[in-house]
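**Q** Mind folding the following:
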Amino acid sequence: ERGFAPGGDFEPTLFFAEEGAGITVVAKQSGTTAFTVARAARIDGFTFTGADHGGGIFVSGYATGLNISNNWVMANQGTFGGGIRIGHPNLLNGSAYTNAANNNIRIHHNHVAQNGNFGGAGGGVSLYTGALNYQVTDNFICGNFAQTHGAGIGHLGRSNNGLIADNTIIFNQSFNQGGNVSGGGVF
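**A** Residues are numbered from 1 along each chain as shown. Modelled structure (predicted):
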């Protein structure tokens, strides 16, 4: 569906690269319904497959304390992340990348396989600026593809105190005949 604003259609410019995500999380920055660590939301126990442009799970910003767990994220495609994507790779505020304020996100016990991206970093799991204190643990990340960097897991930008541990990361591939790429498993 397309969103309309007075005077015209705004949706293609607002979330252009995110159209077609299996699930899109758009949280409030503040207020009584904002995400907090004490009142964390979760995406748990789902299968996401066949997303054709925005990836399996896309978390835009302000999703403090979000838990993404026990999901099957398979055969999705995205511009900036194929499987699970946290934040944005290219939103600039002047000359600095925008802090998405996706703090204390936990990604654990997921099966992330056969996803792909063609921009940004991370075919399976993508982490961008402003994912402070993130944890990516105990996941099976297999057979993902990136036309850029980090086919399994890609971390691009500043996100202090992140943890990537106890994952099985196998058979992922970064490839682009027209340029140099890095990190088939982790970038």
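
**Q** beta partners for F58?
**A** Counting by DSSP bridges, F58 is bridged to T24, R85.

**Q** burial count for it?
**A** Other residues lying near F58 total 28 when counted by other CB atoms under 10 Å. No exception for glycine: its C-beta is placed from N, CA and C like everyone else's.

**Q** swap in F145?
**A** Using other CB under 10 Å, the number of residues around F145 comes to 20.

**Q** burial measure for the nearest residue to it once chain neighbours are set aside, as a count.
**A** Leaving aside its sequence neighbours, F145 sits nearest to G116 (CB to CB, 6 or more residues apart in numbering; 4.0 Å). Residues lying near G116 (other CB under 10 Å) number 21.

**Q** Going forward, the N-terminal residue is numbered 10.
**A** All set: I'll call the first residue 10, so the last point we hit is now G125.

**Q** if I read this right, G125 contacts F89, doesn't it?
**A** No. The criterion here is CB atoms under 8 Å, and G125 misses it with F89 at 11.6 Å.

**Q** Ramachandran angles for the residue nearest to F154?
**A** When read as degrees, to the nearest 10, the backbone of G125 gives phi -150, psi 150.

**Q** Kindly provide the distance from it to G74.
**A** To G74, G125 is 29 Å away according to CB to CB, to the nearest Å.

**Q** Ok, V46 next?
**A** Per CB to CB, V46 is found 4 Å from G74.

**Q** between these two, what contacts are shared?
**A** Listed as contacting both V46 and G74 by CB atoms under 8 Å, 6 or more residues apart in numbering are N113.

**Q** Of the two, which one has the most company?
**A** Comparing V46 with G74 by other CB under 10 Å, the one with more neighbours is G74, at 18 against 11.

**Q** which residues make contact with stretch 166-178 from outside it?
**A** With CB under 8 Å, 6+ apart, stretch 166-178 has contacts from 96, 98, 106, 133, 136-151, 161-162, 164, 194-195.

**Q** Now, of the residues you listed, which are buried?
**A** Among those, those scoring as buried are 96, 98, 106, 133, 136-145, 148, 150-151, 161-162, 164, 194-195 (criterion: 16 or more other CB atoms under 10 Å).

**Q** So which residues of the protein form helices?
**A** In the chain, the helices defined using DSSP state H lie at 20-23.

**Q** related to what we said a few turns ago, give the contact list for the residue nearest to F154.
**A** Contact analysis of G125 by CB under 8 Å, 6+ apart lists 85-87, 91, 132, 153-156.
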